[in-house]
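S.K.: heads up, no residue letters with this:
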Ligand SMILES: Nc1nc2c(ncn2[C@@H]2O[C@H](COP(=O)(O)OP(=O)(O)OP(=O)(O)O)[C@@H](O)[C@H]2O)c(=O)[nH]1
Ligand SMILES: [Mg+2]
């Protein structure tokens, strides 16, 4: 499963956001103790396609897409050189597929820390950049020595030199102009800033009207998406049952809340896409890698379906919903028949024909 790592200064609201994204499923103490252990949990990706197709098919069960989310200790200035607990946890970030910066923009005299999201992001990025630079320099040393007898390493060395120059200027790889080819040559170094990056600005309830503006300043090249979230409020809402939650969030003019959008943005940044299956037993969102073909997607459901793949019957979810049922879509000849070269599209509803 794909993994999202939370990064932030102390008291920025990482654990609270973790709770908001994982709901009541896993609860880590957000208050008043600081996080000292790595906790991972499962975040569900709210999806109206599942809700509406489930209603259409009278499904007994609804299953949403998920990803793993990792809450680690705060980074502090100097973490990359061993300050605070952060250094120990940089390793946990290397295992993640994308990172999410949590930046504090709420004022609360009872919670220590400053409220300066721009400067916090700079501090955090710099720590990750310094850690990455050390990894690149180590690898560069080794590969330069090895290259004396093996000229095939020269392309990797050139990419490492480019990365060292960028990082040396204090720039994360995701903000750099390194080419996809250069970046793929850096794969073996497991750089933290070679991942996709998202920003959540944690705004106080009293600044809801400025929320969009605060987030917009972080939508810049290299950052996949930036959203403003009243983290504490949404973490509390996540613990309520659905009706009470809707009432609380609606009452504040927050609609479904921002957490579903954060989940969807993270899912997208992780390079994941969704296809659906629907029937009276269940309606389900299945996760596939962008660009995957029909047999690989069939394999997500069960390996037999990939092995014995014959064809897929496919329809876009909204069209199916308009028609009203799978049987009727079939009767009207609206199901497309696709073979093994078909590239599945986000939002496709599939039925796999197979024979093993
Ligand atoms: N007033 C206010 N307090 C908040 C908000 N978000 C988080 N807090 C409080 O800030 C404190 C820290 O929140 P956590 O979620 O534990 O922050 P963290 O980033 O995980 O902290 P560390 O694990 O120490 O790095 C807690 O007391 C929260 O209740 C907010 O939006 N408004
Ligand atoms: Mg924490």
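M.R.: Thanks, I have the structure now. Here the structure is a predicted model, which means the values were calculated and not measured. Ligands and ions are numbered 1, 2, ... in the order given.

S.K.: Give the rounded mean pLDDT of the strand or helix carrying residue 227.
M.R.: Element membership of residue 227 [criterion: DSSP states H and E] is strand 223-229. Confidence over strand 223-229, taken as the mean pLDDT, stands at 93.

S.K.: Can that strand be said to contact ligand 1?
M.R.: No. Remark: strand 223-229 sits outside contact range of ligand 1, by C-beta under 6 Å from any ligand atom, the gap being at least 8.3 Å. From N, CA and C alone the C-beta is placed, and that goes for glycine too.

S.K.: quick one: residue 251 from ligand 2, how far?
M.R.: Residue 251 sits 28 Å away from ligand 2, going by C-beta to the ion, to the nearest Å.

S.K.: Tell me which residue in the stretch 101-250 of the chain sits closest to ligand 2.
M.R.: At 9.3 Å from ligand 2, residue 102 is the closest residue in the stretch 101-250 of the chain, using C-beta to the ion.

S.K.: so where do the helices sit in the stretch 51-200 of the chain?
M.R.: 86-94, 117-147, 154-168, 180-185 (DSSP state H, counting those that start in this stretch).

S.K.: could those helices go into JSON lines alongside mean pLDDT and distance to ligand 1?
M.R.: Output for the helices of the stretch 51-200 of the chain, formatted as JSON lines (pLDDT from 0 to 100; distance: least, C-beta to the nearest ligand atom, whole Å):
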{"stretch": "helix 86-94", "mean pLDDT": "75", "distance to ligand 1": "9"}
{"stretch": "helix 117-147", "mean pLDDT": "93", "distance to ligand 1": "11"}
{"stretch": "helix 154-168", "mean pLDDT": "96", "distance to ligand 1": "25"}
{"stretch": "helix 180-185", "mean pLDDT": "94", "distance to ligand 1": "30"}
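
S.K.: Export those to JSON lines and append columns for mean neighbour count.
M.R.: As requested, the helices of the stretch 51-200 of the chain are exported to JSON lines (neighbours: other C-beta atoms under 10 Å):
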{"stretch": "helix 86-94", "mean neighbour count": "19"}
{"stretch": "helix 117-147", "mean neighbour count": "18"}
{"stretch": "helix 154-168", "mean neighbour count": "18"}
{"stretch": "helix 180-185", "mean neighbour count": "14"}
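
S.K.: JSON lines please, covering those helices and showing distance to residue 5.
M.R.: Converted to JSON lines, these look like this (distance: least, C-beta to C-beta, whole Å):
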{"stretch": "helix 86-94", "distance to residue 5": "5"}
{"stretch": "helix 117-147", "distance to residue 5": "11"}
{"stretch": "helix 154-168", "distance to residue 5": "19"}
{"stretch": "helix 180-185", "distance to residue 5": "19"}
